[in-house]
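1. Generate coordinates for the sequence data below:
(one chain, ligands or ions: 1)
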Amino acid sequence: MADLNWIMEQEAKIPRGGVRTRFAPSPTGYMHVGNLRTALYTWLIARHAGGTFILRIEDTDQNRQVEGAVDVIYKTLAECGLDHDEGPDVGGPVAPYIQTERRGFYQKYAEWLVERGHAYYCFCDRADSVEGGAFSETPPTDPCRALTPEEADARRAAGEPYVIRQRIPREGTTTFHDEVFGNITVENATLDDQVLLKQDGLPTYNFANVVDDHMMGITHVVRGSEYLSSAPKYNLLYEGFGWPIPRYVHCPAVMRDQHNKMSKRHVDPSYEDLIAQGYLTDAVVNYVVLLGWSPRREIAEQEIFSREELISAFDLGGISKSPAIFDMEKLRHFNSAYIRAMPPERFAAVAEPYIRQAVKNPAYDAGALAALLQQRTEVLTEIPEKLDFFDALPDYDAALFVHKKSRTDLPGSLETLRALAPRFAALPGWDADALSQTMCDYASECGCKNAKIMWPVRIALSGKAVTPGGAVEIAHILGQEESLSRIARGIEKLEGAQ
Ligand code: GLU
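-> Numbering: from 1, shown residues only. Model (predicted):
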């Protein structure tokens, strides 16, 4: 017999009153984009309402356990600023927050559901009775459905292995309401008597989520739309227990293109991959929020949101039903906007490891290099190749000195470098103003545009047609001695090319 006192005690513990949402990842070892978006929406719903955000680890599928996977979840949430109020590491009123530590609860609730007539013991040797087994789509009527309680008890007492299955009504329909997808009705005959408790005593996801969401007082169940088709069975479970049904918020799929969902198997990037590819957490978060949610009314056109703005703007009504396509170009656009808007010291700190991949010479100041890059970088991983000429001048072709727009040619470039070399050598200080002044003075003496003078200097200093920063900035960072030596090499190259 179910221990009704124990059940009443659990009921009494359930926090009530405010909004309570949970992010319930399975520890797979990485955070895919769809999961991150679910976490964001779940957190935003709680924060918008001044409610509670809970982290629950769904680790009942022992086949999928990965070393260190829970740490990936903590790390990602912390990096993204998604702080949780309750969870395995911080505790809370309805602990534990790890499903395998809640094992005993599911057994008790499953047995109670059997007594209430909405589940039954099944002793059949069916594929889905063991972990990882497939669900049969149209189940045969299970012979164990008809066992009397006494028969089932006798077989359990004899030590026969069993699972507990949900007893789905054979007739009628089940309707549930989703905040995004509206009312959905299905024929009960299409629903299978799914396994709730496996032979190993652990629950299936489909059972555990209902028990836990109830025991934890969850008011809004936010998850991917792949769970929509199971929602009628969850409703029947809530009804079977006599529990109130939470609000469902199923989020549309995140797609790689028109036809395919994003998936790790198809090497679509996870959150960690995007960070490794040089994207900033804040840009990823901002972009991912907009995959499937749009701001409305006076902020309908706004793209860049601070965390506080998101908290106040986020509403369930803005979540779309249609799948969202993850567009890498769009993410780049967000990333460069975030990079440009960063305080320079912050950008310098973030960029430094990338700068030092290319520029090992400690004489070249990382802060000055960062200042060159900030307005010209879309993703951090582009940085090293932009700076590859600092440590050593690359071998370059004299043809680079010829540039139509700047009106430069080989003889003119030679003349410019020859004229500037002694002026640069004579400069008492090597500051940007003096460098700029020297070149502008020379340009006005020649009666030409500054570009005609700056172009050959920049080529001689960098050996590249495209560089972050112009002649003044590059010369300034390289210092007087190195700049003069590079200009001398430019002169030699041009002399050889005449
Ligand atoms: N553990 C499930 C997953 O990672 C969570 C689904 C839910 O949020 O209910 O997909």
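2. Give me every residue in this structure that's in contact range of the ligand.
-> For the chain, the contact set with the ligand under Cβ under 6 Å from any ligand atom comprises 24-26, 58, 205, 209, 223, 227. Bear in mind the C-beta positions are built from the backbone N, C-alpha and C, glycine included.
3. from these, which is closest to residue 91?
-> Using Cβ to Cβ, residue 24 is the member of these that lies nearest residue 91, at 17.0 Å.
4. residue contacts, the spatially closest residue to the closest one that is not a sequence neighbour?
-> Excluding the flanking residues, the one nearest residue 24 by Cβ to Cβ, 6 or more residues apart in numbering is residue 56, at 4.5 Å. Residues near residue 56 by Cβ atoms under 8 Å, 6 or more residues apart in numbering: 22-24, 87, 97-99, 212, 216.
5. could you list every residue that touches residue 389?
-> Shown in contact with residue 389 (Cβ under 8 Å, 6+ apart): 461-464, 467.
6. measure it to residue 424 for me?
-> As for residue 389, its distance to residue 424 is 18 Å (criterion: Cβ to Cβ, to the nearest Å).
7. List only buried entries from the contacts of residue 56.
-> Buried members of the contacts of residue 56, counted by 16 or more other Cβ atoms under 10 Å: 22-24, 87, 97-99, 212, 216.
8. Restricted to helices, list those.
-> Among the buried ones among the contacts of residue 56, the members found in helices (DSSP state H) are residue 212.
9. Take the buried ones among the contacts of residue 56 and keep only those in strands.
-> Among the buried ones among the contacts of residue 56, the residues falling in strands (DSSP state E) are 22-23.
10. List just the nearest of the buried ones among the contacts of residue 56 to residue 395.
-> Distance to residue 395 across the buried ones among the contacts of residue 56 (Cβ to Cβ) is lowest for residue 23, with 53.4 Å.
11. and the closest one, what pLDDT?
-> Listed pLDDT for residue 23 reads 98.
12. for it, what are its contacts?
-> Residues near residue 23 by Cβ under 8 Å, 6+ apart: 38-39, 42-43, 53-56, 77, 82, 84, 222.
13. Next step: the residues of the chain next to the ligand restricted to helices.
-> Per DSSP H, the subset of the residues of the chain next to the ligand in helices is 205, 209.
14. hmm, back to that, any chance of a markdown table for the buried ones among the contacts of residue 56, columns distance to residue 475?
-> Formatted as a markdown table, the buried ones among the contacts of residue 56 follow (distance: Cβ to Cβ, whole Å):
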| residue | distance to residue 475 |
| --- | --- |
| 22 | 57 |
| 23 | 52 |
| 24 | 57 |
| 87 | 54 |
| 97 | 58 |
| 98 | 59 |
| 99 | 62 |
| 212 | 64 |
| 216 | 63 |
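15. what about the longest helix in the protein?
-> helix 480-497.
16. what does that one contact?
-> So helix 480-497 is contacted by 393, 396, 398, 401, 410, 413-414, 417-418, 420-421, 424-425, 427, 430, 456-457, 459-461, 475, 478 (Cβ under 8 Å, 6+ apart).
17. likewise stretch 67-80?
-> Counting by Cβ under 8 Å, 6+ apart, stretch 67-80 makes contact with 23, 25, 27-31, 36, 39-40, 55, 57, 59, 83-84, 88-89, 271-272, 275, 281, 284-285, all of which sit outside it.
18. cool, and stretch 223-236?
-> Applying Cβ under 8 Å, 6+ apart, the external contacts of stretch 223-236 come out as 24, 34-35, 38, 118, 166, 168-169, 174-176, 178, 180-181, 184, 186, 188, 191, 194, 206, 209-210, 245, 248-253.
19. change it to 7 Å
-> 34, 38, 166, 168, 174, 176, 178, 181, 186, 191, 194, 206, 210, 245, 248, 250-253 (Cβ atoms under 7 Å, 6 or more residues apart in numbering).
20. neighbours around the residue of the stretch 101-250 of the chain found nearest the ligand, how many?
-> Closest to the ligand within the stretch 101-250 of the chain is residue 223: 3.5 Å, counting by Cβ to the nearest ligand atom. Neighbour count for residue 223, taken as other Cβ atoms under 10 Å: 22.
21. Now stretch 92-102: buried residues?
-> Residues of stretch 92-102 classed as buried by neighbour count (16+ other Cβ under 10 Å): 92, 94, 96-99, 102.
22. and what of stretch 486-498?
-> For stretch 486-498, the neighbour count (16+ other Cβ under 10 Å) marks 486-487, 489-491, 493-494 as buried.
23. wait, which of the residues you listed is closest to residue 241?
-> Residue 241 lies nearest to residue 486 out of the buried residues of stretch 486-498, by Cβ to Cβ, at 77.5 Å.
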